[in-house]
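Colleague: this one's structure only:
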């Protein structure tokens, strides 16, 4: 009845870590926000974001959209670790609940695969504040499509 | 059976437009992304975002999180136009579906109130690409909490 | 900037109406709830549900899950009207906001296609109460996968 | 970085279990579906649903709306275990991802509180199939409002 019934996650591409790092290097939005990769494992990726007033909303907390950017990328790269070679991932949709104000020294999003299907992967990212006030500040459920980069497909499915 | 059954939206605060502009001016994330206010009306706010490679993801389209930032703020300010004086709005959660790749000269999100309750407001934002390829690229449903700024409340409800 | 930028919806299967009715006839959950088809058009399906105390929650309003059942099926059949022959539709995920209490003589859900892609279709259903108190009581965004029924595929993508 | 940072859940009402059972007894939709309470703990409630062809969709799997009914109630009662006396809970919105076909002897939904705020509680329900093919078949994130039953409030916030 706990999540240990999620099947073991076996990467289909032994070079998954290199592939994630290469794709991350092309994500200018991640660089702009100052996001770094904290951890890569089969079916799980942690991304870290330092607090930065440039990305705050009117009340001084980090903008909901900055937190969503972090969680969306963590889920996308978690999906990517289990995807076949020569594929790319694309967000079909996501939903995020905000559980506590986005304040602190920084934030870590842990993206995790719940289900890796033939074309669709479902992931969940938990976002934590780091520093003294460590708390679960948000959680995101994402549906992600895995597509061949060899073809000419465009658009989310 | 069409959405014309949504009741007329009457602002409770005649200075709603000034309040939205003042709050928007404090949103550094909006300034960082280059977002501007395109239109303010009772229950509706349009925000415009130019295409900018700094906010792109690995495939050259605007990052899903940048689109989500735009739509989240459009919904928040739409809610704000109908909120009482001396209140602030906060995203409780949102869900966004991506319908077409985020490419084009720019993007406009139209946030619209579907229901303005005593403490919770539900909004939907449609995001369109502008320029030659005009298309509905995303839609977001948001739950927003309206809180007094006179008290000391913190956190989403 | 309004939703009239949604492209015209042209059915790929001229027998779409018969196909929807045939599939609906096999949905025992719809029969159990007393749901009937009120309207079928390309990209849109209206389903009607009478109020029934057997499907109520603890406060006497119709259960959120009964409303979700209605809206999910309206979206699935809306997607089905635009799907190729020899396909079936399956809900990948949905999100529903409840806007007003589910009371009244009955309810109508209008499911509508926002985007019909090669494998994924995104729909929105608005649920209205009927009778004297006509109101928008809920709205649902759904992601639906369209799959061939000729193969042996199982599971949501 | 795991969910053990969720704070301990302490009930505000020592009679929470009796309150959940009393409310459940008034949910005719639960009785109609054949749902029973499998477990009540502070911040967690498990509900069980036997497979029943009356609630199936066109493909012979349990209807997405029946699974959603089960998960929505599990989350609502999980929220209820931590709510103050003389309150009732109401679903504001939920989002559910379907991860595997809803087949098997039956299903159990475990609803769990992620955050219990002053007025809003966020819960997640994992739904498992029981019998030989035990699998995580769906997960739901819910936003729930807690309201006094002593006042005259109506509608979701």
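Modeller: Yes, it's here. Here the structure is a predicted model, which means the values were calculated and not measured.
Colleague: and the residue lying closest to residue A:43 once chain neighbours are set aside, what is it in contact with?
Modeller: Of all residues not flanking residue A:43 in the chain, residue A:9 sits nearest, at 3.3 Å (C-beta to C-beta, 6 or more residues apart in numbering or on different chains). Backbone N, C-alpha and C define where each C-beta goes, glycine included. Residue A:9 makes contact with A:42, A:43, A:44, A:81, A:82, A:113, A:116, according to C-beta atoms under 8 Å, 6 or more residues apart in numbering or on different chains.
Colleague: wait, what's in contact with the second one?
Modeller: Contacts of residue A:43 were listed using C-beta under 8 Å, 6+ apart, and they are A:9, A:78, A:81, A:82, A:112, A:113, A:116.
Colleague: And the last one, by the same measure?
Modeller: With contacts taken as C-beta under 8 Å, 6+ apart, residue A:116 has the following neighbours: A:9, A:43, A:79, A:82, A:83.
Colleague: Can you tell me which residues in chain A are near chain D?
Modeller: A:1, A:3, A:5-6, A:46, A:95, A:97, A:99-100, A:108, A:110, A:114-115, A:122, A:124, A:126, A:128, A:134-136, A:139, A:141, A:143 (C-beta under 8 Å from any C-beta of the partner chain).
Colleague: Quick check: residue A:142 touching residue A:124?
Modeller: Yes - with contact defined as C-beta atoms under 8 Å, residue A:142 reaches residue A:124; the gap is 7.4 Å.
Colleague: wait, residue A:86 sits on residue A:150?
Modeller: Yes - using C-beta under 8 Å, residue A:86 is in contact with residue A:150, at 5.4 Å.
Colleague: Of these two, which one has the most company?
Modeller: Per other C-beta atoms under 10 Å in any protein chain shown, whichever of residue A:86 and residue A:150 has more neighbours is residue A:86, with 12 against 9.
Colleague: quick one: the residue nearest to residue A:43 and residue A:83, what's the gap?
Modeller: As judged by C-beta to C-beta, to the nearest Å, residue A:9 and residue A:83 stand 11 Å apart.
Colleague: Pipe the contacts of residue A:9 into JSON lines and attach secondary structure per row.
Modeller: As requested, the contacts of residue A:9 are exported to JSON lines (DSSP: H, G, I helix; E, B strand; the rest coil):
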{"residue": "A:42", "secondary structure": "coil"}
{"residue": "A:43", "secondary structure": "coil"}
{"residue": "A:44", "secondary structure": "strand"}
{"residue": "A:81", "secondary structure": "helix"}
{"residue": "A:82", "secondary structure": "coil"}
{"residue": "A:113", "secondary structure": "strand"}
{"residue": "A:116", "secondary structure": "strand"}
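Colleague: now, the most widely separated pair of these?
Modeller: A:44 and A:116 (12.1 Å; C-beta to C-beta).
Colleague: what helix or strand is the residue nearest to residue A:43 on?
Modeller: Secondary structure from DSSP states H and E places residue A:9 outside every helix and strand.
Colleague: Find me the pLDDT at it, would you?
Modeller: The score at residue A:9 is 82. That number is its pLDDT.
Colleague: now chain A, which segments are flagged as low pLDDT?
Modeller: Scanning chain A for pLDDT under 70 picks out A:1-8, A:151-157.
Colleague: show me where it has strands.
Modeller: Using DSSP state E, the strands of chain A run over A:36-41, A:44-50, A:87-98, A:106-116, A:120-130, A:136-148.
Colleague: Leaving out the residues flanking it, which one is nearest to the most centrally placed residue in chain A?
Modeller: Nearest to the geometric centre of chain A sits residue A:74, at 1.3 Å (C-alpha atoms, centre = their mean). In space, residue A:74 comes closest to residue A:111 once its chain neighbours are excluded; the distance is 3.2 Å by C-beta to C-beta, 6+ apart.
Colleague: near chain B, which residues of chain A show up?
Modeller: Residues of chain A found near chain B (C-beta under 8 Å from any C-beta) are A:23-24, A:26-29, A:32, A:53-59, A:62-66, A:68-70, A:72-73, A:88, A:90-101, A:154-156.
Colleague: Could you rerun that using 6 Å?
Modeller: Neighbours of chain B within chain A, by C-beta under 6 Å from any C-beta of the partner chain: A:23, A:26-29, A:32, A:53-58, A:63-65, A:68-69, A:72, A:91, A:93, A:95, A:97-98, A:100-101, A:155-156.
Colleague: Which members of those residues are classed as buried?
Modeller: Neighbour-count burial (16 or more other C-beta atoms under 10 Å in any protein chain shown) applied to the residues of chain A next to chain B gives A:23, A:27-29, A:32, A:55-58, A:63-65, A:68-69, A:72, A:91, A:93, A:95, A:97-98, A:100-101, A:155-156.
Colleague: Okay, and which of those map to helices?
Modeller: Among those, the members falling in helices (DSSP state H) are A:23, A:28, A:29, A:32, A:64, A:65, A:68, A:69, A:72.
Colleague: Mind picking the two most distant members of the residues you listed?
Modeller: Most distant of those, by C-beta to C-beta, are A:23 and A:64, 24.6 Å apart.
Colleague: Residue B:140 versus the residue nearest to residue A:91 when sequence neighbours are not counted, what's the distance?
Modeller: Nearest non-adjacent residue to residue A:91, counting by C-beta to C-beta, 6+ apart: residue B:64, 4.5 Å away. Distance, residue B:64 to residue B:140, using C-beta to C-beta: 11 Å.
Colleague: For the closest residue to residue A:127 other than its chain neighbours, list each beta-bridge partner.
Modeller: Spatial nearest neighbour of residue A:127, excluding adjacent residues (C-beta to C-beta, 6+ apart): residue A:138 at 4.2 Å. When assigned by DSSP bridges, residue A:138 has beta-bridge partners residue A:98, residue A:127.
Colleague: Ends of stretch A:116-123, what's the gap?
Modeller: Using C-alpha to C-alpha, to the nearest Å, the end-to-end distance of stretch A:116-123 comes to 9 Å.
Colleague: just the residues of chain A that are near chain C, which are they?
Modeller: Residues of chain A lying close to chain C by C-beta under 6 Å from any C-beta are A:92, A:93, A:95, A:117, A:119, A:120, A:143, A:157.
Colleague: Check the residues you listed and tell me the two furthest apart.
Modeller: Longest span within those, C-beta to C-beta: A:95 and A:119, 19.9 Å.
Colleague: still on that earlier bit, mark which of the contacts of residue A:9 are buried, thanks.
Modeller: Buried residues within the contacts of residue A:9, counting neighbours by 16+ other C-beta under 10 Å: A:43, A:44, A:81, A:82, A:113, A:116.
Colleague: can I get those residues in CSV with distance to residue C:16?
Modeller: Converted to CSV, the buried ones among the contacts of residue A:9 look like this (distance: C-beta to C-beta, whole Å):
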residue, distance to residue C:16
A:43, 39
A:44, 43
A:81, 40
A:82, 36
A:113, 36
A:116, 33
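Colleague: tell me the contacts of residue A:26?
Modeller: residue B:58 (C-beta atoms under 6 Å, 6 or more residues apart in numbering or on different chains).
Colleague: swap in residue A:78?
Modeller: So residue A:78 contacts A:44, A:45, A:111, A:112, A:113, A:123 (C-beta under 6 Å, 6+ apart).
Colleague: which one is it nearest to, not counting chain neighbours?
Modeller: Of all residues not flanking residue A:78 in the chain, residue A:111 sits nearest, at 3.6 Å (C-beta to C-beta, 6+ apart).
Colleague: beta partners for that neighbour?
Modeller: The partner list for residue A:111 in beta bridges (DSSP bridges) reads residue A:45, residue A:125.
Colleague: Please tell me how far it sits from chain B.
Modeller: 13 Å (C-beta to the nearest C-beta, to the nearest Å).
Colleague: does that residue really touch residue A:47, like I thought?
Modeller: No - counting by C-beta atoms under 6 Å, residue A:111 sits too far from residue A:47 to count as a contact (7.4 Å).
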